[in-house]
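Visitor: Using only what follows, build the 3D model:
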Amino acid sequence: MRISLLAASLPLALGLAACSSEAPPSAEPAAAAPAATEAPAAVATTSAPSSHSFEAAITPGDYAEHVRVLASDEFEGRAPGSPGEKKTIEYLQKEFERLGLQPGNNGSWFQTVPMVATTTDPSASLGFKVGETEIKPAYATQMVIGTRTGAPESNLADSEVVFVGYGVNAPELGWNDYAGLDVKGKTVVMLINDPGFHTDDESLFEGKRMTYYGRWTYKFEEAARQGAALAIIVHDDAGAAYPWEVVQNGWTGAQFDLPVSVDPEPRLPLQGWISGPSAEQLFSAAGQDFSALRTAASQRGFTAVPLNATASAAVKSSVREGKSENVLAMLPGAQQAEEAVVYMAHWDHLGRSFQPGADQIYNGAIDNATGVAGVLEIAEKFATGPKPARSLLFLIVTLEESGLLGSKYYVGNPVIPLHKTVATINLDAMSVIGRTRDFTVVGFGSSELEDILRPIAESQSRVLQPESAPQGGFYFRSDHFNFAKAGVPSLYAKGGVDHVEKGEEHGKALAADYTANRYHKPGDEFDPNWDLAGVMEDLEALYGVGNQLVTSEAWPNWYPTSAFKAAREASLEAGNASAPPEHAQ
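Guide: Numbers count the residues shown, from 1 in each chain. Alright, predicted model coming up:
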């Protein structure tokens, strides 16, 4: 989710959009502006060869070696567009070649993802005027603002400010905060999370469990569709599931996007966040009780409230175009090679920061060297075993920390057609706290993939459980989500928090400690003292799910209540209609 250093100086900021983790995710630093390096069709490894001898089985030693290398200072935090990217993709290519896998993208190990990096100049200003009162929150410490349009200068003058509650338009839920409202050219101020969150009302959306309507990404998307000139989200620690520091770190560096030509969805001229205290100051000056309005916004029938204020902003941005690489390896199936199961993880992290500090490298050991190492271990077990009937695609994507851009690009340009993609299994920020009694399924209750996982987990004396902090919206913050939106059944599961020997409180304490002290911070480093017994069980279980799928003709679907089921059925119908009769499912 954020930041890393540019290939030479600029901080690269990744917009808050990614990495879930039961030892949650969410903080950011500065990153690398995308250097326009050529995607190598084949690359010569520059890093020193490892003396480690790998085994065919999934083992703690092999797993730890992958994490150690990928999270080493030599890889400089794996920022897209930086020297760390080159070392990372070289390492992945080398490992896939060692396993005897085939290049996964029509003869290439890589899929080039075009990107635009926009960095806001620290001189950016945002001001509100209520009568004769002027409120000017400070950049970074009290507000962040930027543009994703690619414009070098963005200005707004005297834009009417409207409080639009949670900024949600959900017709299927009978909820529209924009009902009867024309916000074209206006500034909309909105709350993070869903209407049911602060009231614990399970009848509103999903109560404490965040839906996509609660994500900041959705809120900006909807404001753009409504024609707003500026959208501002009010931060609060509980609703966002991360402190202001995460917003500050993630938005004060380069923000990555796909080019408009690749991703034509509407974008706001300006967007940003303000801190809770700054919002209270604004609402108070406007004669409004912020707390009371937040309560009102959580009730059905809420009507947007004009604040009788205007907003002005001035933003200068440096804009650079570049590219980064997804890495793909294929194990072709023996019978139904055109059908595939995808194992995926993101290789990118936050790079390095040139801000003062003893440790400037965001090594990203747990987030997400652990996931990449897991995919490599699973790939090795498949590669050294019987050839599967269906194909396996091992997809290691870039730009997850920038808003799931690598997976978004792949889904728009798939190697295996999505209607032929049986399922996606995502590994992100694996648990290294030891064996647990629970197996966390992020987005629990979503798809029939859980029916395959459940007996495997039970054989390990484990129980499937939803994430312990559903308010964090983790299902929408990792790369499987792009596949899910396109209808492909997707499983995102990992070790839970109920430690076999020390109990649930111990596991929750470790998760909280990681979030507070290491997540998206330089402290996320490889530790040779990690207890890997639990992650070994996780990998064996996730291998088992994929193995059942590639050795059968099963087509798991979403559960009937899933919002993604219609997209899957439409995808299969469209794909089968265009396929020759003998290939239709």
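Visitor: now the farthest one out in this structure, which residue is it?
Guide: The C-alpha centroid of the chain is most remote from E132, which lies 42.2 Å away (CA atoms, centre = their mean).
Visitor: Show me what whichever helix or strand A574 is part of packs onto, helices and strands only.
Guide: Assessed by DSSP states H and E, A574 sits inside helix 565-578. Packed against helix 565-578 by the contact rule (3 or more CB pairs under 8 Å, 6 or more residues apart in numbering; DSSP states H and E) you find no helix or strand. Any C-beta I mention is one placed from the backbone N, CA and C, and that applies to glycine too.
Visitor: got a list of contacts for it?
Guide: 417-420, 485-489, 557-559, 584-585 (CB atoms under 8 Å, 6 or more residues apart in numbering).
Visitor: Alpha carbons of that helix, in PDB - could you do that?
Guide: Written as PDB, here are the backbone C-alpha positions of helix 565-578 (Å, rounded to 0.1, in the frame of the first residue of the first chain):
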ATOM      1  CA  LYS A 565     -21.900 -14.800  -9.100                       C
ATOM      2  CA  ALA A 566     -23.700 -12.900 -11.900                       C
ATOM      3  CA  ALA A 567     -20.300 -11.900 -13.400                       C
ATOM      4  CA  ARG A 568     -19.100 -15.500 -13.400                       C
ATOM      5  CA  GLU A 569     -22.200 -16.800 -15.100                       C
ATOM      6  CA  ALA A 570     -22.200 -14.000 -17.700                       C
ATOM      7  CA  SER A 571     -18.500 -14.700 -18.400                       C
ATOM      8  CA  LEU A 572     -19.000 -18.500 -18.800                       C
ATOM      9  CA  GLU A 573     -22.100 -17.900 -21.000                       C
ATOM     10  CA  ALA A 574     -20.300 -15.400 -23.200                       C
ATOM     11  CA  GLY A 575     -17.200 -17.600 -23.500                       C
ATOM     12  CA  ASN A 576     -19.100 -20.800 -24.200                       C
ATOM     13  CA  ALA A 577     -21.200 -19.000 -26.800                       C
ATOM     14  CA  SER A 578     -18.100 -18.000 -28.700                       C
END
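Visitor: Give me the distance from it to the chain's centre.
Guide: With CA atoms, centre = their mean, to the nearest Å as the basis, helix 565-578 stands 26 Å off its chain's centre.
Visitor: ok, and for that helix, which residues are buried?
Guide: K565, A567, R568, S571, L572, G575 (16 or more other CB atoms under 10 Å).
Visitor: List the contacts of the closest residue to F290 other than its chain neighbours.
Guide: Nearest non-adjacent residue to F290, counting by CB to CB, 6 or more residues apart in numbering: F283, 4.0 Å away. With contact taken as CB under 8 Å, 6+ apart, F283 is in contact with F163, D289, F290, L293, L307.
Visitor: Just the buried ones from those residues, in ChimeraX syntax?
Guide: Buried residues within those, by 16+ other CB under 10 Å, are selected in ChimeraX with:
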select :163,290,293,307
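Visitor: can you list the contacts of F283 in JSON lines and add pLDDT and secondary structure?
Guide: Converted to JSON lines, these look like this (pLDDT from 0 to 100; DSSP: H, G, I helix; E, B strand; the rest coil):
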{"residue": "F163", "pLDDT": "98", "secondary structure": "strand"}
{"residue": "D289", "pLDDT": "97", "secondary structure": "coil"}
{"residue": "F290", "pLDDT": "97", "secondary structure": "helix"}
{"residue": "L293", "pLDDT": "97", "secondary structure": "helix"}
{"residue": "L307", "pLDDT": "97", "secondary structure": "strand"}
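Visitor: which residues in the stretch 301-450 of the chain form helices?
Guide: Along the stretch 301-450 of the chain, the segments classed as helices by DSSP state H, counting those that start in this stretch run 370-383, 405-412, 449-459.
Visitor: do the same with the stretch 101-250 of the chain
Guide: Assignment of helices within the stretch 101-250 of the chain using DSSP H, counting those that start in this stretch yields the ranges 216-226, 237-240, 244-251.
Visitor: quick revisit: looking at the helices of the stretch 301-450 of the chain, spot the one closest to T436.
Guide: For these, the distance to T436 is smallest for helix 449-459, at 10.6 Å, taking CB to CB.
Visitor: May I see the buried residues of that closest one?
Guide: L449, E450, I452, L453, I456, A457.
Visitor: for stretch 244-260, same thing?
Guide: By 16+ other CB under 10 Å, the buried positions in stretch 244-260 come out as 244, 246-258.
Visitor: One more: stretch 342-349?
Guide: V342, Y343, M344, A345, H346, W347, D348, H349.
Visitor: In this structure G371 contacts D428, no?
Guide: Yes. Using CB atoms under 8 Å, G371 is in contact with D428, at 4.8 Å.
Visitor: Could you tell me which residues touch both of those two?
Guide: A345, H346.
Visitor: Can you tell me the element the residue nearest to F290 falls in?
Guide: For F283, the host element (DSSP H and E) is helix 276-285.
Visitor: Using neighbour counts, pick out the buried residues of that helix.
Guide: For helix 276-285, the neighbour count (16+ other CB under 10 Å) marks G276, S278, A279, E280, Q281, L282, F283, A285 as buried.
Visitor: Ok, stretch 458-465 next?
Guide: Using 16+ other CB under 10 Å as the test for burial, stretch 458-465 gives Q460, R462, L464, Q465.
Visitor: Show the secondary-structure elements that the longest helix belonging to the chain is packed against.
Guide: In the chain, taking DSSP state H as the definition, the longest helix is helix 533-550. For helix 533-550, the packing partners by 3+ CB pairs under 8 Å, 6+ apart come out as helix 60-70, strand 336-346, helix 370-383, strand 390-397, strand 421-426, helix 449-459, strand 490-495.
Visitor: Export these as TSV, with columns for distance to K184.
Guide: Output for these, formatted as TSV (distance: least, CB to CB, whole Å):
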stretch	distance to K184
helix 60-70	47
strand 336-346	36
helix 370-383	42
strand 390-397	36
strand 421-426	38
helix 449-459	43
strand 490-495	36
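Visitor: mind checking which of those is nearest S108?
Guide: Nearest to S108, of all those, is strand 390-397, at 13.2 Å by CB to CB.
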